[in-house]
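A.B. asks: What would the 3D arrangement of this be:
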Amino acid sequence: MTKENVKTTELPKEVLMAAWAIALGAIAPMLDSTMVNIAIDQLTHDFNTTLNIIQWAITGYVLALAMAVPISGWLMNKFNSKKIFIGAVILFGVISILVGVSWNISSFIFFRLLQGFSAGVITTLMFTLLVKTAGKDHLGKVMAIVSTPMIFGPILGPVLGGFIVQGASWQWIFFINVFIVLIAAPVMMKTIPDFEPFNKENKLDLFGIINLSSMSGALIYGITRAAEHATFNNNETILWVGIGVGLAVIYMAYNLIRKNQTVLPMSLFTYKSFAASSAGLFMANIALMGPMLILPLFFQNFRHFTAIETAVALIPQGVGMLVTRPLLGKMIDKIGPKYVVIVSLFLSLIGSIPLIFISDKTSMIWISVILFIRGASIGGISLPLTSEAYTGLDSTQLPEASVGINMIENLGSSFGSAIIATVVATVIQGLQPTVINELKGYHAGFLLSSVILVIILVPSLYLTNKRNA
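C.D. replies: Here you go, the predicted model:
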């Protein structure tokens with residue numbers, strides 16, 4: 001009996017190989033999105049342009065990524081997902097060359113948009129292929145593996161980007177993707193199994209795709225303008241968020257008329273697991289990703305760290321994420337996501353509440369310990385929520401579920417960055433520019449993050465508990 005139990009919990013070798021191959025394919029987009037921020041100053045100088053124009057290359061990348069998500073759902077339904085995934089990874093490498101040889105700021109922004117679109121296809125297909133490959137018995141362990149690039153991106157991206165910019169030039173931030181793709185493509189071709197189209201009869205929901213893409217783009221752009229203006233009460237944000245909300249209402253009416261025969265059926269939200277995970281992931285991306293924006297600024301503004309020193313200071317957070325990753329997969333498969341999320345939320349609060357009282361004099365050892373604890377909890381919140389989203393769904397529903405989850409995460413992380421940045425700016429507005437007053441803004445941002453972490457406890461109570469089962 002014991003031997004049988006051990007056998008069933010072991011991850012089959014072919015599943016393990018496929019999981020690592022998919023993770024390898026996702027490394028280039030994950031590294032790229034974190035490295036490019038380090039090169040902003042050099043890009044501004046080389047293209048003889050302003051920071052506002054350069055920001056379009058970053059914002060445009062995120063918008064294109066968001067717009068690719070609904071289209072990815074249709075691609076999975078109609079074609080072999082293995083070929084689409086590998087094709088998107090190779091395309092990302094080719095476009096990286098074009099970004100690197102950009103001759104002016106317009107071409108740079110255009111190629112970044114194309115790059116963001118291919119990254120959107122990669123990230124959407126990544127989780128769907130893993131769910132299909134792993135099956136429900138090994139979903140937690142496999143999710144833990146495939147999310148590894150997401151850890152290495154924040155840990156290695158800024159450090160690697162800093163060394164590349166200082167030692168070579170910003171072009172090599174993009175050229176390095178080619179080497180990653182050259183290694184990843186043959187491995188993926190050999191180890192990832194073929195996937196039949198999920199639902200070949202599914203027709204192209206052109207109106208739904210355009211509507212959802214436009215909705216995501218409008219909401220994300222409106223939210224980023226809030227961060228730019230340091231307030232949500234500005235004409236641009238009100239206009240674009242209003243357009244996004246209007247498109248969301250139109251989509252819900254359209255989905256009702258089409259009786260859920262759409263690119264993202266609203267009937268998915270009638271599944272308790274999917275609805276609870278969606279709410280949890282949206283808030284988790286605000287609470288966890290938002291502070292990722294102000295932590296580097298804290299080190300640079302109050303400790304006067306360079307870009308590389310800041311990246312090194314953030315490593316304990318990444319190490320914390322890395323250390324707990326293997327354990328999380330086993331725990332999710334063994335006891336279910338519910339208690340993993342609840343315990344991780346309490347751990348995250350231990351690593352977040354002290355940041356509300358941080359100052360320019362706080363010991364770096366103490367900050368490193370806090371960041372390590374915070375990092376250790378991040379995977380325990382996001383991983384179980386992501387794997388839970390697919391619980392109870394039929395395999396034909398996986399592409400649509402991936403579309404929904406990716407859109408929610410994109411909106412959550414964009415909203416998180418904007419709302420935290422806006423809170424910080426609003427609190428310090430009108431105050432004397434002293435260290436104590438500026439710290440008040442950062443404290444308010446970390447406080448908001450902690451409050452949202454507490455609220456996530458509500459949807460976590462509706463997650464699966466395998467102990468009862």
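
A.B. asks: what ranges do the helices span in the stretch 201-350 of the chain?
C.D. replies: Along the stretch 201-350 of the chain, the stretches classed as helices by DSSP state H, counting those that start in this stretch are 206-229, 235-257, 272-284, 290-302, 307-313, 315-335, 337-352.

A.B. asks: what's the angle between the last one and helix 315-335?
C.D. replies: Angular relation of helix 337-352 and helix 315-335 on a 0 to 180 degree scale: 160 degrees, by axes from the mean of the first three to the mean of the last three CA atoms, to 10 degrees.

A.B. asks: what sits up against helix 337-352?
C.D. replies: Where contact means CB atoms under 8 Å, 6 or more residues apart in numbering, the residues beyond helix 337-352 that reach it are 140, 280, 287-288, 291, 320, 328, 331-332, 370-381, 383-385, 387-388, 446, 449-450, 453-454, 456-457, 460-461, 463-465, 467. Backbone N, C-alpha and C define where each C-beta goes, glycine included.

A.B. asks: buried ones in it?
C.D. replies: Applying a neighbour-count criterion of 16 or more other CB atoms under 10 Å, the buried positions in helix 337-352 are 337-342, 344-345, 347-349, 351-352.

A.B. asks: Same question for stretch 446-464.
C.D. replies: Going by 16+ other CB under 10 Å, stretch 446-464 has these buried residues: 446-450, 452-453, 456, 459-460, 462-464.

A.B. asks: Name the residues that touch that stretch?
C.D. replies: 272-273, 275-277, 279-280, 283-284, 286-288, 290-291, 294, 336-338, 341-342, 345, 348-349, 352-353, 355-356, 358, 381, 384-385, 388, 391, 419-420, 423.

A.B. asks: Just the buried residues out of those, in PyMOL syntax.
C.D. replies: The following PyMOL line selects those of the contacts of stretch 446-464 that are buried, judged by 16+ other CB under 10 Å:
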select buried, resi 273+276+277+279+280+283+284+286+287+288+290+291+294+336+337+338+341+342+345+348+349+352+355+358+381+384+385+388+391+419+420+423
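
A.B. asks: Give me the distance between Val427 and Asn301.
C.D. replies: If you measure Val427 against Asn301 using CB to CB, to the nearest Å, the figure is 14 Å.

A.B. asks: ok, those two, which is more surrounded?
C.D. replies: Under the criterion of other CB atoms under 10 Å, the comparison of Val427 against Asn301 puts Val427 first, with 19 against 15.

A.B. asks: Over to that one. Which of the three states is it?
C.D. replies: Remark: Val427 carries the secondary structure label helix [criterion: DSSP: H, G, I helix; E, B strand; the rest coil].

A.B. asks: Tell me which residues touch it, please.
C.D. replies: Under the criterion of CB under 8 Å, 6+ apart, the contact list for Val427 reads 440-441, 444.

A.B. asks: Just the buried residues of these.
C.D. replies: Taking 16+ other CB under 10 Å as the criterion, what is buried in those is 441, 444.

A.B. asks: In a markdown table, list the contacts of Val427 along with pLDDT.
C.D. replies: Written out in a markdown table, the entries for the contacts of Val427 read as follows (pLDDT from 0 to 100):
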| residue | pLDDT |
| --- | --- |
| Lys440 | 88 |
| Gly441 | 86 |
| Ala444 | 90 |
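
A.B. asks: Kindly report the domain assignment for this structure.
C.D. replies: Following automatic domain parsing, one finds the domains of the chain at 10-195, 206-262, 267-469.

A.B. asks: Compare these and say which comes out lowest on pLDDT.
C.D. replies: Lowest mean pLDDT within the domains of the chain: domain 10-195, a mean of 81.

A.B. asks: Look up which helix or strand the residue nearest to Trp56 when sequence neighbours are not counted falls in, please.
C.D. replies: Among residues not flanking Trp56 along the chain, Ile109 sits closest, at 5.3 Å (CB to CB, 6 or more residues apart in numbering). Using DSSP states H and E, Ile109 sits within helix 105-134.

A.B. asks: so what secondary structure elements neighbour that helix?
C.D. replies: If you count contacts as 3 or more CB pairs under 8 Å, 6 or more residues apart in numbering; DSSP states H and E, helix 105-134 packs onto helix 13-35, helix 51-78, helix 81-100, helix 139-146, helix 398-428.

A.B. asks: in it, what's buried?
C.D. replies: Of the residues in helix 105-134, those buried by neighbour count under the rule 16+ other CB under 10 Å are 105, 108-134.

A.B. asks: With adjacent residues omitted, what lies nearest to Ser81?
C.D. replies: For Ser81, the nearest residue in space outside its immediate sequence neighbours is Phe195; the separation is 4.0 Å by CB to CB, 6+ apart.

A.B. asks: That neighbour contacts Phe79, doesn't it?
C.D. replies: No - using CB atoms under 8 Å as the test, Phe195 is too far from Phe79 to be in contact (9.2 Å).

A.B. asks: out of the two, which sits in the more crowded spot?
C.D. replies: Residue environment comparison for Phe195 versus Phe79 gives the larger neighbour count to Phe195, 20 against 16, counting by other CB under 10 Å.

A.B. asks: OK, contacts around the more buried one?
C.D. replies: 76, 80-82, 129, 132.
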